[in-house]
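pasting the structure only:
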């Protein structure tokens, strides 16, 4: 009988799609039917990965130790003190999934991280997805949503901690963009809402991209930058935008602690931008100053990247830096300043580095000089955090990176810009 139930649901869904599209039921695209069934909760295939019970170093898992406090290069994040050792799974096939639901239970002495590494066809490591595991003496259930690069062919799960994490009952399964967007909705309902303001001119300097959105033609968008841009993508912005504009495809192209000073090199621009054949580039992050604190060539570097895009016939918009390092001094701090100075003690260098992660003056100058679009990803999420009254670092998973909450505020800000493409044309 369960088989008959599933067949009946599939047949009814296919019939409804056929009526909505005025086509024969035999002509209903499988992709559309699959998306509807997944959104309704039907199981269409085996999970991408499954591990029952408490995981250990057996059954395909291995422990990778790291020295506490050691400076390590974390791909797609940059150079940081070690986040601790990790226990990682064997690699597994992603079966073409573009979004996946990760569920597990965990308990930890102190905060740690869940991690999903992605690998391309040639085994090359691609930008990862990760967020926070909270300290808890009792088992805590997690449901996470993983956006998967179009280039990814294999995945690997990991759990990272300095003092150890217990994890059990892991399941990773492919889901539709609609399901991923619905997960975002549930999370966002628990957060302070972003108020983006007037976006009437957001697409004025991106006419070809806006026309593609409105006409339904494919629009390939490259997100270019550093680990903060990776977080922007990992807020499942693709699922949110594709729910309203299915023709928009996002390609994540990032390098840890890297900004326009690197991408301005024509060889790097070819690898990180032109190779993906984008219609639109959104460039951003907080790493456009060399050595973080040195912004002496930031404007010049950004102008160079913009000119490379324009020369290649690609439209480009500059994204201002979203929240990264905690700027509040207390939960009651409701005033933020883009020029706030973050003093970070670097134990490995035995010095304090002062810099401004929300600095935007060089961006404004670069966009004014080149006449390209400028999208403000700073104001709305910072104001949402300011009015939240939440504890310090409530939106973070580590010193400078957002957890699911912070990522969602940024994703909603970008969604507002895409929605403005329609409002701008219709006058609404």
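Ah, there it is. Bear in mind that the values here come from a model prediction, so they are computed numbers and not experimental data. Numbers count the residues shown, from 1 in each chain.

how far does stretch 183-194 sit from the chain's center?
Chain-centre distance of stretch 183-194: 15 Å, with CA atoms, centre = their mean, to the nearest Å.

no no, stretch 34-45
Distance of stretch 34-45 from its chain centroid, counting by CA atoms, centre = their mean, is 24 Å.

tell me which residues of that stretch are tucked away?
Across stretch 34-45, burial judged by 16 or more other CB atoms under 10 Å covers 34-39. C-beta coordinates here come from the backbone N, C-alpha and C atoms, glycine included.

now swap in stretch 178-187 and tell me
Across stretch 178-187, burial judged by 16+ other CB under 10 Å covers 178-184, 187.

cool, stretch 20-29 as well?
For stretch 20-29, by 16+ other CB under 10 Å, it's residue 28.

same thing with stretch 46-59?
Within stretch 46-59, the residues scored as buried using 16+ other CB under 10 Å are 47-49, 51, 55.

and which of those is nearest residue 322?
Residue 322 lies nearest to residue 48 out of the buried residues of stretch 46-59, by CB to CB, at 29.6 Å.

from the buried residues of stretch 178-187, which land in helices?
Residues of the buried residues of stretch 178-187 located in helices (DSSP state H): 178-184, 187.

let me have those residues in CSV, adding distance to residue 356 and pLDDT as columns.
Listed next are these as CSV, based on distance: CB to CB, whole Å; pLDDT from 0 to 100:
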residue, distance to residue 356, pLDDT
178, 39, 93
179, 39, 93
180, 34, 97
181, 34, 98
182, 37, 97
183, 34, 98
184, 30, 98
187, 29, 98
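
among these, which one lies nearest to residue 203?
Of all those, residue 203 sits closest to residue 181, with 21.9 Å by CB to CB.

distance of the closest one relative to residue 245?
12 Å (CB to CB, to the nearest Å).

go on, residue 291?
38 Å.

what's the answer for residue 3, then?
Noted for residue 3: a distance of 36 Å to residue 245, by CB to CB.

which of the two has more neighbours?
Shown here are residue 3 and residue 245; by other CB atoms under 10 Å, residue 245 has more neighbours (19 against 7).

residues touching that one, list them.
Residue 245 makes contacts with 213, 219, 418, 421, as judged by CB atoms under 8 Å, 6 or more residues apart in numbering.

can you put the buried residues of stretch 34-45 in a markdown table and add distance to residue 370, secondary structure and pLDDT?
Listed next are those as a markdown table, based on distance: CB to CB, whole Å; DSSP: H, G, I helix; E, B strand; the rest coil; pLDDT from 0 to 100:
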| residue | distance to residue 370 | secondary structure | pLDDT |
| --- | --- | --- | --- |
| 34 | 43 | helix | 77 |
| 35 | 39 | helix | 77 |
| 36 | 43 | helix | 85 |
| 37 | 46 | helix | 81 |
| 38 | 42 | helix | 74 |
| 39 | 42 | helix | 78 |
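
tell me the least confident of the buried residues of stretch 46-59?
The lowest pLDDT within the buried residues of stretch 46-59 belongs to residue 55, with 92.

wait, that one touches residue 170, no?
Yes: using CB atoms under 8 Å, residue 55 makes contact with residue 170 at a distance of 6.7 Å.

okay, now the unreliable bits of the stretch 251-400 of the chain?
292, 344-351 (pLDDT under 70).

mind listing the helices for it?
Assigned by DSSP state H, counting those that start in this stretch, the stretch 251-400 of the chain shows helices spanning 260-263, 266-272, 298-311, 361-370, 379-386.

let's have the ones you listed in a markdown table, adding distance to residue 136 and mean neighbour count.
Output for the helices of the stretch 251-400 of the chain, formatted as a markdown table (distance: least, CB to CB, whole Å; neighbours: other CB atoms under 10 Å):
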| stretch | distance to residue 136 | mean neighbour count |
| --- | --- | --- |
| helix 260-263 | 39 | 24 |
| helix 266-272 | 39 | 15 |
| helix 298-311 | 41 | 20 |
| helix 361-370 | 40 | 17 |
| helix 379-386 | 24 | 21 |
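
reformat those as JSON lines; add distance to residue 229.
Below are these laid out as JSON lines (distance: least, CB to CB, whole Å):
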{"stretch": "helix 260-263", "distance to residue 229": "11"}
{"stretch": "helix 266-272", "distance to residue 229": "11"}
{"stretch": "helix 298-311", "distance to residue 229": "13"}
{"stretch": "helix 361-370", "distance to residue 229": "14"}
{"stretch": "helix 379-386", "distance to residue 229": "14"}
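
nearest to residue 138, out of those helices?
Of all the helices of the stretch 251-400 of the chain, helix 379-386 sits nearest to residue 138, with 28.6 Å by CB to CB.

list the buried residues of whichever helix or strand comes after that closest one.
The C-terminal neighbour of helix 379-386 among helices and strands, as given by DSSP states H and E, is helix 404-426. Buried positions in helix 404-426, judged by neighbour count with 16+ other CB under 10 Å: 404-421, 424.

one more: stretch 6-18?
Buried residues in stretch 6-18, defined by neighbour count with 16+ other CB under 10 Å: 10, 13-14, 17-18.

closest one of the residues you listed to residue 150?
Among the buried residues of stretch 6-18, and counting by CB to CB, the member closest to residue 150 is residue 17, at 24.5 Å.
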